[in-house]
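Sequence isn't available, so here's the structure alone:
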């Protein structure tokens, strides 16, 4: 074959697993593609071909192969709601959400006025994502534009698919953490022009939540979304009862919490709402109709005592809402998608719903991509997509080794079981390597 | 000072933390003893002295010191309910308890008929405990006496404080897993004579639960407890609704689940009941009066969707019940006491109860010892107790290092915060070394 010598071509060999459809709606084993001994050809950061090693080995015999024998290769994980400024306050004990914000979150966010500090944490944060196999994330920042710059600059260095935006917050926060409707609008606009679609970076208009934005600010956020319809909207919705009550007081003319955002044109097919634990049926229906996304944040919902999100209700047959998984660090307790799935499983169990390993891994890969309208770019190993992937050792600890000894790598059923052991027993050490755009970005 | 040269004396230096009373009932910071730079003298496996390094350094200047600078030294953890035969089926996905028993537990327990297999798993299991800093455990086995022998033999090799007993099960289980009331009684009696108080080993009469034992078997278990009042009783109680309904059907003359055990004299001050999620008030009261113990199994209760145990109810002022922490592997999802505390915290949060780090660590140390009537032997660093302890690195991962960078090791408040980060972010890698009876039993 002829090769363009300017474009880097590489070949990865291992056991590949990805999704081709949604296991919430189709027979599970039919939604997954598994190639026990596969070869993936990456050209210029894009997946050029994936098939069995036997089928491709002669065709690409000139290309040196990076082999991961016995390793499972999955699409890079997608974390659709995470606060990078809260990295340093993860695992801070508190009673509930609003107290937690006052006591830990606001003070630490104040530190991001300092660009150097922001850069240091952004760098650490993105490395944590990579160490946990996460290659795409929708990230919250602070009100300071320089905190957004810091994150995007570090993400650009790593060629990661990061969506983020300046936090909008003009009330119910300390003075030093407030913008105004006008500065919030202007700063966001400048940042959109600077960063949206620069390389792999994307922008999200990010009012923190209805409690910390006036109607005027939400109105201008809606205007911004009209001016830049391609950007995302990212906020919180219905996390705790006390929050919902406060929103009702602040917006007495709104029929429910979602209505606050709807009134300002913020409920769109590129809108992501974190939590959504206490939605009314009508709110689920309207999210479904708008094509909006729910970010399910299991470790956070347990840690802050928020409650039990019903994934089966959101992923219903009649009014399906897009759902992705999210760590929600620092309300969340781990950067690890495995631990996030672990708590998602437990939350489902408490509601008599059994979340299968395939459903969980779908949410963190193709489901996450769809929830961010990125399914044409990432989420599985379709030819033409960006080559973000993670190399997993399902036998990394003595316990996993013992537990998985009986599993046969030729059996899809066994691999499904092995994925479940990752959810329950896995940690960041199971991630042997993370590739971003075809390049090795992290190796243990 | 004069030394008996036959007795091994050793000195350990580090930051020591233990409990002197119960933080559920006393002001928290007063229940804990913390010595930032401490020296512990161990003689013949027993704690001889503990004080600041400065105070003791001249007195024991002849003894070589093992130093753990910057490390936290805690009493060995106590796990009061764990199934060693389920080690290999940890992380097996299922809907609920009774299905889980049929599908995974019973088949694997059948393998313990083979003594060699039992020995292999017992060895692996005890090493897992040590790697997680657990030095004392109340362990379930199978109906096969050889599975009890295997565990005790391996525990004896490691000089660990293990309490265990042959499982009694004469109905509602596969044939190969059933004993009879008579063989169950006789085998238990032989094992008591063979193992109870041999070295550090102790025996527990262990009917699995009311569903799998006939009245005749429970009656004989009660007789055995009368004959050997010093041994323990260990079983399950009120884990899931379907289980409780089945017990009510099987014992129509019992007024509630606990009453089944009471009728046969099995509710004593050395009885440990796992789970106790759905107890009536009267059952709590009677457990309190009997001085019995509840084993709180958070990871298991979430994994099997059992429900939310209310620790605040059990540890009430008026009718306090003794409570200890338990991993409940393999219904539980981790051998780690940290992860067990993590889920205990989350279960409490969901009920609007904030479980402090001191309360959690109390449950896993002194509280666990009291719950097993072992407070004269283990649980804290009182002079005369057995020197089981664990050396902890609270900054073992990059994230823990960042998170705890601000903490001052001279401040007890900061150390309390640091303990909380272990609960949320810690794993077995934070356990740098585990000592059993003064001897190094595990080192990373």
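Arrived safely. Model, not experiment: these values are computed from the prediction.

Let's see the pLDDT reported for the residue in the stretch 151-300 of chain A that chain B sits nearest to.
Proximity of the stretch 151-300 of chain A to chain B (C-beta to the nearest C-beta) peaks at residue A:299, 8.3 Å away. Heads up, the C-betas are built off the backbone N, CA and C, glycines and all. Looking at residue A:299, its pLDDT reads 98.

Repeat that for residue A:100.
So, for residue A:100, pLDDT stands at 85.

That one in helix, strand or coil?
helix (DSSP: H, G, I helix; E, B strand; the rest coil).

Quick check: the closest residue to it other than its chain neighbours vs residue A:305, distance?
Spatial nearest neighbour of residue A:100, chain neighbours left out: residue A:94 (4.1 Å); criterion: C-beta to C-beta, 6 or more residues apart in numbering or on different chains. According to C-beta to C-beta, to the nearest Å, residue A:94 and residue A:305 sit 9 Å apart.

what does the one helix or strand the residue of the stretch 151-300 of chain A closest to chain B maps to contact?
Element membership of residue A:299 [criterion: DSSP states H and E] is helix A:298-303. By C-beta atoms under 8 Å, 6 or more residues apart in numbering or on different chains, the residues outside helix A:298-303 that reach it are A:239, A:275, A:277, A:306-309, A:325-328, A:331-334, A:339-341, A:343-344, A:346-347, B:345-346, B:349-350, B:424.

Mind checking which of the residues you listed land in strands?
A:275, A:325 (DSSP state E).

Just the contacts of helix A:298-303: which are in helices?
Counting by DSSP state H, the contacts of helix A:298-303 place A:339-341, A:343-344, A:346-347, B:345-346, B:349-350, B:424 in helices.

Weed out the non-buried ones from those residues.
Buried subset of these (neighbour count, 16 or more other C-beta atoms under 10 Å in any protein chain shown): A:339-341, A:343-344, A:346-347, B:345-346, B:349-350, B:424.

Adding pLDDT, write these out as JSON lines.
Shown next, in JSON lines, are these (pLDDT from 0 to 100):
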{"residue": "A:339", "pLDDT": "98"}
{"residue": "A:340", "pLDDT": "98"}
{"residue": "A:341", "pLDDT": "98"}
{"residue": "A:343", "pLDDT": "98"}
{"residue": "A:344", "pLDDT": "98"}
{"residue": "A:346", "pLDDT": "97"}
{"residue": "A:347", "pLDDT": "98"}
{"residue": "B:345", "pLDDT": "97"}
{"residue": "B:346", "pLDDT": "97"}
{"residue": "B:349", "pLDDT": "96"}
{"residue": "B:350", "pLDDT": "97"}
{"residue": "B:424", "pLDDT": "97"}
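
out of those, who's nearest residue A:415?
For these, the closest approach to residue A:415 (C-beta to C-beta) belongs to residue A:341, at 15.7 Å.

got the contact list for the closest one?
Residues in contact with residue A:341 (C-beta under 8 Å, 6+ apart) are A:298, A:325, A:355, A:357, A:360-361, A:363-364, A:423.

Same question for residue A:65.
So residue A:65 contacts A:11-13, A:39 (C-beta under 8 Å, 6+ apart).

do residue A:246 as well
A:98, A:211.

and the stretch 201-350 of chain A, which residues reach chain B?
By C-beta under 8 Å from any C-beta of the partner chain, the part of the stretch 201-350 of chain A that sits against chain B consists of A:302-305, A:307-308, A:333-335, A:342-343, A:345-346, A:348-350.

for chain A, what are the low-confidence residue spans?
Applying pLDDT under 70 to chain A flags the ranges A:1-5.

After the longest helix anywhere in it, heading C-terminal, what element do we hit next?
The residue-count maximum for a helix in chain A (DSSP H) belongs to helix A:115-131. Downstream of helix A:115-131, the next assigned helix or strand under DSSP H and E is strand A:134-140.

Over to residue A:112. Which of the three states is it?
Under three-state DSSP, residue A:112 comes out as helix.

For the stretch 301-444 of chain A, which segments count as helices?
For the stretch 301-444 of chain A, the helices defined by DSSP state H, counting those that start in this stretch cover A:311-314, A:337-350, A:357-364, A:366-371, A:398-404, A:412-425.

tell me the contacts of residue A:66?
Residue A:66 sits next to A:10-13 when contact means C-beta under 8 Å, 6+ apart.

try it again with 6 Å
residue A:12 (C-beta atoms under 6 Å, 6 or more residues apart in numbering or on different chains).

Can you verify it is assigned to a strand?
Yes - under three-state DSSP, residue A:66 falls within a strand.

In the sheet, which residues pair with it? Tell me.
Counting by DSSP bridges, residue A:66 forms beta bridges with residue A:12.

Quickly note the distance from it to chain B.
26 Å (C-beta to the nearest C-beta, to the nearest Å).

again with residue A:68
For residue A:68, the distance to chain B equals 23 Å [C-beta to the nearest C-beta].

what's near enough to touch that residue?
Here residue A:68 is in contact with A:14, A:391 (criterion: C-beta under 6 Å, 6+ apart).

How about residue A:116?
If you count contacts by C-beta under 6 Å, 6+ apart, then residue A:116 has nothing around it.

Please report how far it lies from chain B.
Remark: distance between residue A:116 and chain B (C-beta to the nearest C-beta) = 16 Å.

and if you look at residue A:368?
For residue A:368, the distance to chain B - C-beta to the nearest C-beta - is 21 Å.

Now do the contacts for that residue.
If you count contacts by C-beta under 6 Å, 6+ apart, residue A:368 has them with A:78, A:80, A:324.

Pull out the buried positions in stretch A:391-401.
A:391-397, A:399-400.

one step back: who wins for most neighbours among the contacts of residue A:368?
residue A:80 (32 neighbours; other C-beta atoms under 10 Å in any protein chain shown).

Might you report the residue contacts of residue A:214?
Counting by C-beta under 6 Å, 6+ apart, residue A:214 has contacts A:170-171.

how far away is it from residue A:29?
For residue A:214, the distance to residue A:29 - C-beta to C-beta - is 51 Å.

what are the ranges of the strands in the stretch 1-150 of chain A?
A:9-19, A:32-43, A:46-52, A:65-75, A:77-83, A:134-140 (DSSP state E, counting those that start in this stretch).

ok now do the closest residue to residue A:178 other than its chain neighbours, which residues does it touch?
Among residues not flanking residue A:178 along the chain, residue A:170 sits closest, at 5.4 Å (C-beta to C-beta, 6+ apart). Residues near residue A:170 by C-beta under 6 Å, 6+ apart: A:178-181, A:213-214, A:217.

which residues does the spatially most central residue of chain A contact?
When C-alpha atoms, centre = their mean is applied to chain A, the residue found nearest the centroid is residue A:79 (1.6 Å). Residue A:79 is in contact with A:134, A:137, A:326-327, counting by C-beta under 6 Å, 6+ apart.
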